[in-house]
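**Q** Starting from these lines, generate the structure:
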Amino acid sequence: MEPVLAQTNQSRQHTKIPSIYGLEYEQARQKLIAAGWQPQKQHWTYRNELWNSSGREWWDKGYWEIENCSGGLVYCSFYFRDVYGNRLLVTTQGQVNATVNKWTLENSSQSHQSRQHSSIPSLYALEYAQARRKLIAEGWQPQKQHWTHKDELWNSVGREWWDKGYWEIENCSEGLVYCSFYFRDVYGDRLLVRTQGQDNAKVAQWSLE
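**A** Modelled structure (predicted):
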């Protein structure tokens, strides 16, 4: 019998969770992303904290949302986050062709009570221009900064975005280059979109504030 999602939380708003029981992890991951869940990527140095070779193998395949893997039957844990601040823990069993055997919605003090807002499409790994078009089509408005904001941007990456006409930019970091952009809807909600990368930057995270 297929297990039921652990009901450890009071009723609250969260992104729809598709049935992923028994699926190989890659397939389950694709279904979650399509539903609007975002892999919660660890810092690039996290690989050194993984307990064993199983975890490092997942990491080297690009699944940076891994938390860790056990020995023995090899249970591995992966984290996803939704736009409301909820965290979803997905557990797989097996080393070769590992399949999902449990998933749990975790409490988050940042989770929002149910409220009206514009529809939020899945943006994961889209180039920013494409993600922006999808948001605008759903009614989200780029929250443009005052024209003097360019002088407050920390580095040349942020100023390059500004010069391309993306005045909704908040700022960009150094190193792996994370950039933040804000949108607002007709209900007054703010949506924060973060990209990673400098050339052809892609959406890594988005959250409702």
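**Q** On the pLDDT front, check W154 for me.
**A** On pLDDT, W154 comes in at 89.
**Q** show me what contacts it?
**A** By Cβ atoms under 8 Å, 6 or more residues apart in numbering, the contact list for W154 reads 171-174. All C-beta atoms are positioned from the backbone trio N, CA, C, and that covers glycine.
**Q** cool, and H117?
**A** 185, 187, 189, 208.
**Q** One more: G139?
**A** Taking Cβ under 8 Å, 6+ apart as the contact definition, G139 lies against 118-119, 185-186.
**Q** Neighbour-wise, which one of those residues leads?
**A** The most crowded member of the contacts of G139, judged by other Cβ atoms under 10 Å, is D185 (19 neighbours).
**Q** ok, back up a step: ok, so of the contacts of G139, who is nearest C69?
**A** Nearest to C69 among the contacts of G139: S119, at 36.2 Å, using Cβ to Cβ.
**Q** if we can go back for a sec, which two among the contacts of H117 are spaced furthest apart?
**A** Looking across the contacts of H117, with Cβ to Cβ as the criterion, the two at the greatest separation are Y187 and L208, at 10.8 Å.
**Q** what about these two, which has more around it?
**A** Counted by other Cβ under 10 Å, Y187 and L208 do not tie: L208 has more neighbours, with 18 against 10.
**Q** ok so, going back, tell me the least confident of the contacts of H117?
**A** Among the contacts of H117, Y187 has the weakest pLDDT, 86.
**Q** is it true that that one touches W140?
**A** No - proximity of Y187 to W140 does not meet the contact threshold set by Cβ atoms under 8 Å, at 10.7 Å.
**Q** Give me the common contacts of these two.
**A** When Cβ under 8 Å, 6+ apart defines a contact, the residues bordering Y187 and W140 alike are S118.
**Q** what's the helix or strand for the nearest residue to E152 once chain neighbours are set aside?
**A** Counting by Cβ to Cβ, 6 or more residues apart in numbering, the nearest residue to E152 once its immediate chain neighbours are dropped is N171, at 7.9 Å. Taking DSSP states H and E as the definition, one finds N171 inside strand 169-172.
**Q** Can you list the strands that the helix or strand following that strand pairs with?
**A** Tracing the chain C-terminally past strand 169-172 and defining elements by DSSP H and E, one meets strand 178-184 next. For strand 178-184, the paired strands and their directions (DSSP bridges) are strand 141-142 (antiparallel), strand 169-172 (antiparallel), strand 190-196 (antiparallel).
**Q** what's the offset of strand 178-184 from the middle of its chain?
**A** In terms of Cα atoms, centre = their mean, to the nearest Å, the centre of strand 178-184 is found 14 Å from the chain centre.
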